[in-house]
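Asks: What would the 3D arrangement of this be:
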Amino acid sequence: MIDTNVLVAALRSSTGASHEVLLAADRGEFEVALSVPLLAEYDDVCHRAGSGILIPASAINDVINRIAQFARQQTIHYLWRGILPDPKDDMVLEVAVAAGATHLVTFNCKHLKQASEFGIAVVTPSEFLTQL
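Replies: Numbering: from 1, shown residues only. Here you go, the predicted model:
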């Protein structure tokens, strides 16, 4: 499970751990779960002015479309709302729980730490790469 902030970091720089996580996902080294609302959030956040992403919008679209191709579409049957401090993070938790994810890769470990109550390890991109 890849949080939006990891995708943004990967699109900002091709030299960091976030970029390596995306490449590993594309190679099929782990399965990525994705819901339609999370895909829409990826699209919205990555195209925002001030996101720090300097590549052209067409390249952003290509990356998001590629993620949609290799990710497993996860249907959400139960909403876990009001569990996390930020309501937008609940959507990420819902996908992770529904998919039976073992890891949630994020820079927002503090706000998502309650995912561990569902047996999901909350890790940074660099931590995830060492475990991969």
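Asks: what's the helix or strand hosting residue 122 packed up against?
Replies: Using DSSP states H and E, residue 122 sits in strand 121-123. Counting contacts by 3 or more Cβ pairs under 8 Å, 6 or more residues apart in numbering; DSSP states H and E, strand 121-123 is packed against strand 103-105, helix 109-112. The C-beta positions use only the backbone N, C-alpha and C, and glycine is treated the same way.
Asks: can you redo these as CSV with mean pLDDT?
Replies: Shown next, in CSV, are those (pLDDT from 0 to 100):
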stretch, mean pLDDT
strand 103-105, 97
helix 109-112, 90
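Asks: Would you mind finding the most buried of the ones you listed?
Replies: Of all those, strand 103-105 carries the top mean neighbour count, a mean of 25, counting by mean count of other Cβ atoms under 10 Å.
Asks: Just want the phi and psi numbers for residue 33.
Replies: Backbone torsions for residue 33, taken as degrees, to the nearest 10, come to phi -100, psi 150.
Asks: quick one: contacts for it?
Replies: By Cβ atoms under 8 Å, 6 or more residues apart in numbering, residue 33 lies in contact with 1, 71-72, 74, 95-96, 98-99, 101.
Asks: which of those count as buried?
Replies: Applying a neighbour-count criterion of 16 or more other Cβ atoms under 10 Å, the buried members of the contacts of residue 33 are 1, 71, 74, 95-96, 98-99, 101.
Asks: any idea how far residue 126 lies from residue 65?
Replies: Separation of residue 126 from residue 65 (Cβ to Cβ, to the nearest Å): 26 Å.
Asks: try residue 88
Replies: For residue 88, the distance to residue 65 - Cβ to Cβ - is 23 Å.
Asks: element containing residue 58?
Replies: Counting by DSSP H and E, residue 58 is part of helix 57-70.
Asks: hmm, who's touching that helix?
Replies: 7, 10-11, 22, 25-26, 28, 32, 34, 39, 42-43, 46-47, 53.
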